[in-house]
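Enquirer: Structure here, sequence nowhere to be found:
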């Protein structure tokens, strides 16, 4: 891939909480249209990394460079960063007193000041893609967990982000609801959306990713194409981790 395709660079990133170092000099690059999946044991820093990329956590060292500019430059407004880098969490964070459509439109209308008709049309198009076009007037309490998560994905996409981060989006779901959410993300990958995905779903990681990063103790221990990393991991630590899964 050429340098002009780079949309995100993580350079020597450090982040700690009190005495505990969570990210320890982490480096990687993301290209336009690429799907990078991050795997690794719980507590290795995967979610913290996503929060640093989105500016939700302040870093202790290194840099996050989005489309050629540091997101921590004093001239950069975090509101602008978060419009370019969407994030979907395992908790859907939908407002219970708002309908599905009102939840989706809130950011584009209030933050981006976009035209309501234009955004509403986009929202309905996306709801149709995720199989929820008949639920726009429902309230979150009327939806299943999988449906809420699909709404959270639509809400993020309606902001027209350049990159979307997915943080264990199926972790809080019942097993039968997992598939419907993963299918939506697989479809987004086929459409060329640039994504970083943290997941413990190894079959999904292998199917959706262009590249896998295996993290442990705040570092990238190994990275590679999915068939290489899953089929023939080079580090002993990656072998130990992957041996626990049936993929």
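Expert: Here it is on my side, so go on. Predicted model only: the values in this text are computed from it and were never measured. Numbers count the residues shown, from 1 in each chain.
Enquirer: how about the helices of this structure, start to end?
Expert: 46-53, 78-84, 100-106, 116-129, 145-157, 175-190, 202-208, 226-231, 236-242 (DSSP state H).
Enquirer: For the residue nearest to the spatial centre of the chain, which residues are in contact?
Expert: Nearest to the geometric centre of the chain sits residue 165, at 1.6 Å (Cα atoms, centre = their mean). Applying Cβ atoms under 8 Å, 6 or more residues apart in numbering, one finds that residue 165 lies in contact with 50, 53-54, 85-88, 195-198. Quick note: C-beta positions are derived from backbone N, CA and C, even for glycine.
Enquirer: With residue 58 instead?
Expert: Contacts of residue 58 (Cβ under 8 Å, 6+ apart): none.
Enquirer: can you check residue 173 too?
Expert: Here residue 173 is in contact with 145-146, 149, 181 (Cβ under 8 Å, 6+ apart).
Enquirer: Looking at those, which is nearest residue 102?
Expert: residue 149 (17.7 Å; Cβ to Cβ).
Enquirer: mean confidence score for stretch 115-134?
Expert: For stretch 115-134, the mean pLDDT works out to 95.
Enquirer: Distance from the chain centre to it, please.
Expert: 21 Å (Cα atoms, centre = their mean, to the nearest Å).
Enquirer: what's the answer for stretch 16-33, then?
Expert: 15 Å.
Enquirer: Extract the residue ranges of this structure that are flagged as low pLDDT.
Expert: 1-4, 247 (pLDDT under 70).
Enquirer: could you redo the last one with a cut-off of 50?
Expert: Along the chain, the model assigns pLDDT under 50 to residues 1-3.
Enquirer: who's the residue nearest to the centre of the chain bridged to?
Expert: Beta bridges link residue 165 to residue 87, residue 196 when assigned by DSSP bridges.
Enquirer: Roughly how far does it sit from residue 234?
Expert: 27 Å (Cβ to Cβ, to the nearest Å).
Enquirer: circling back: so which of the helices of the chain is nearest residue 214?
Expert: helix 236-242 (4.8 Å).
Enquirer: Who are the packing partners of that closest one?
Expert: Under the contact criterion of 3 or more Cβ pairs under 8 Å, 6 or more residues apart in numbering; DSSP states H and E, helix 236-242 touches strand 211-216, strand 219-224.
Enquirer: Need the contact partners of the first one.
Expert: Applying Cβ under 8 Å, 6+ apart, the external contacts of strand 211-216 come out as 26, 28, 34-41, 44-46, 49, 205-206, 220-226, 229-230, 233, 235, 237-238, 241.
Enquirer: from the helices and strands packed on helix 236-242, which stretch is densest packed?
Expert: strand 211-216 (a mean of 22; mean count of other Cβ atoms under 10 Å).
Enquirer: partner strands of it, parallel or antiparallel?
Expert: Going by DSSP bridges, the partners of strand 211-216 are strand 35-39 (parallel), strand 219-224 (antiparallel).
Enquirer: so how far is it from its chain's centroid?
Expert: With Cα atoms, centre = their mean, you get 14 Å for strand 211-216.
Enquirer: Ok, stretch 165-185 next?
Expert: With Cα atoms, centre = their mean, you get 12 Å for stretch 165-185.
Enquirer: thinking again about what came up before, want to throw the helices and strands packed on helix 236-242 into a markdown table with distance to residue 98?
Expert: Formatted as a markdown table, the helices and strands packed on helix 236-242 follow (distance: least, Cβ to Cβ, whole Å):
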| stretch | distance to residue 98 |
| --- | --- |
| strand 211-216 | 36 |
| strand 219-224 | 39 |
